[in-house]
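>>> Sequence plus predicted model, see below.
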Amino acid sequence: MSNEAENKNHNQIESLHKKLNSFKDRLAFLINDCNQVYLTTNLSPDYDAIASLGAIGLICKKFKKAPYIIVDQKDFDNLPNDRADMFEKLKEKFVVINKEDFENNKVENSLLIAVDVNKTFMTPMKNNYKDFENIVIIDHHTEDENTIKTKNKLIMKDVSSCSEMLFWLIKKYKVKPSDPIYYTYLLTGIELDTNEGKKNVYPSTDLCRSELKTRGANDLVAASYFSLDFEQDRKVHRLIDETVWKNFRYGIIVGNNEEYTKEEIAKAADYLLKYTCEAAIVCAKNKDGSYDVSARSNRGNVDLPRLMQLLNGGGGNFNSASCAPIFIDADTLDKEKEEIYKKLDDIIYHRYTGKKKRYRVVRKKKKDE
Ligand SMILES: [Mn+2]
């Protein structure tokens, strides 16, 4: 490795630890100082979110606090089996409560810790943030105007996942879980957010993965979380088969007549990035009959958050963004598709620019170019 590359690696690791160190005493103080800790994460939590809940829970226990994990009951009941199983494991150590339990048993001077999420509308808490004396956010997603208002946030950009952040934190607090499954979960969270080591891998991430394995994380178990369910994978591929290429650069899918989950829509969008393109935008019907939207890009040329904002009020980052469900009132699927293509066309080709900021015009490629 060249000296320059070595320095770069060193800098990333150093700045990560600097940030964590300057946050850890504050977090310890807040946990110690409150009467009750509540933990939460985004709705339909993924492996990174659940692993992070487990790790932050262990940190609370280290400070002799028994935290409650708050979930949305309906969301929780609908978790896919693999993630429900992960939660079962957490239930051996932590109490999981729903919003109603929380409402009926409010405790004064309580602390909310949100992991792997920072937007007000994405957690089960929705409008209950004022019930907490203090709120802590530990996350790796971009902030915007919907970010939960608090002074106590550790939001990092140059890191693979929330699981990685939590691994470094539990190490700093000298938390030693008796059950290595917590390490396996953290490794699973990292594998998910790095697409099994193919993106978002930083020098600290490599270190983190190897330290997790040394401490007993089982990489075979972690890998087993990524084997595909045949039926679901075929269903996602039926959606991918609907792809239309606009301007040679935008892979756009407007769904078929099947009903899709957000996760399946995201999988189709991720898959489209395997093809040469600027962006992938996938719209498919959810169980309410509206279209959920997932957008992806990997070259950094498309302002996805802005595009999603214009489409139907959304956000995210340049790699991954989404917007609110779109309801289209048309008689046939073909007409619904037409309407969505038109909306997207208007945005992509800049005829509709919302307020001031205009899109950079993407030059149309000729066939013989
Ligand atoms: Mn994450």
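Okay, I see it. Numbers count the residues shown, from 1 in each chain.
>>> all helices for the stretch 251-369 of the chain, in order.
262-272, 304-312, 333-348 (DSSP state H, counting those that start in this stretch).
>>> Can you add distance to His17 and mean pLDDT and give those back as TSV?
The way it works is simple: take the backbone N, C-alpha and C, and place the C-beta from them, glycine included. Formatted as TSV, the entries for the helices of the stretch 251-369 of the chain read as follows, by distance: least, C-beta to C-beta, whole Å; pLDDT from 0 to 100:
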stretch	distance to His17	mean pLDDT
helix 262-272	31	94
helix 304-312	29	93
helix 333-348	41	93
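>>> Minimum distance to the ion: which of those has it?
Closest to the ion of the helices of the stretch 251-369 of the chain is helix 262-272 (C-beta to the ion; 12.5 Å).
>>> what residues are up against Pro203?
Lys8, Asn9, His10, Gln12, Ile13 (C-beta atoms under 8 Å, 6 or more residues apart in numbering).
>>> secondary structure element for the second one?
Under the criterion DSSP states H and E, the helix or strand holding Asn9 is helix 3-33.
>>> and what of Leu39?
strand 36-40.
>>> what are the phi and psi values for Asn152?
Dihedral pair for Asn152: phi -100, psi 80, per degrees, to the nearest 10.
>>> burial measure for it, as a count.
Per other C-beta atoms under 10 Å, the neighbour tally for Asn152 reads 17.
>>> So what sits opposite it in the bridge?
Beta-bridge partners for Asn152, by DSSP bridges, are Val136.
>>> Use 17 as the first number for this chain going forward.
Taking 17 as the first residue, the last one we looked at is Asn168.
>>> Can you tell me which residues in the stretch 117-266 of the chain are near the ion?
Proximity of the stretch 117-266 of the chain to the ion, by C-beta under 5 Å from the ion, involves residues Asp132, Ser177, Cys178, Asp209.
>>> please redo it, this time with the cut-off set to 8 Å
Asp132, Asp155, His156, His157, Ser177, Cys178, Ser179, Gly205, Leu208, Asp209 (C-beta under 8 Å from the ion).
>>> tally of neighbours for Leu170?
Under the neighbour criterion other C-beta under 10 Å, Leu170 is assigned a count of 20.
>>> okay, the closest residue to it other than its chain neighbours: pLDDT?
Spatial nearest neighbour of Leu170, chain neighbours left out: Phe39 (4.6 Å); criterion: C-beta to C-beta, 6 or more residues apart in numbering. With respect to pLDDT, Phe39 scores 97.
>>> which ones are touching the nearest residue to Asp308 once chain neighbours are set aside?
Computed as C-beta to C-beta, 6+ apart, the closest residue to Asp308 that is not its neighbour in sequence is Asn302, at 4.7 Å. By C-beta under 8 Å, 6+ apart, the residues touching Asn302 are Glu275, Tyr276, Thr277, Lys278, Asp308, Pro341.
>>> Tabulate those in a markdown table, adding columns for distance to the ion.
A markdown table is the format used below for the contacts of Asn302 (distance: C-beta to the ion, whole Å):
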| residue | distance to the ion |
| --- | --- |
| Glu275 | 26 |
| Tyr276 | 21 |
| Thr277 | 18 |
| Lys278 | 14 |
| Asp308 | 19 |
| Pro341 | 22 |
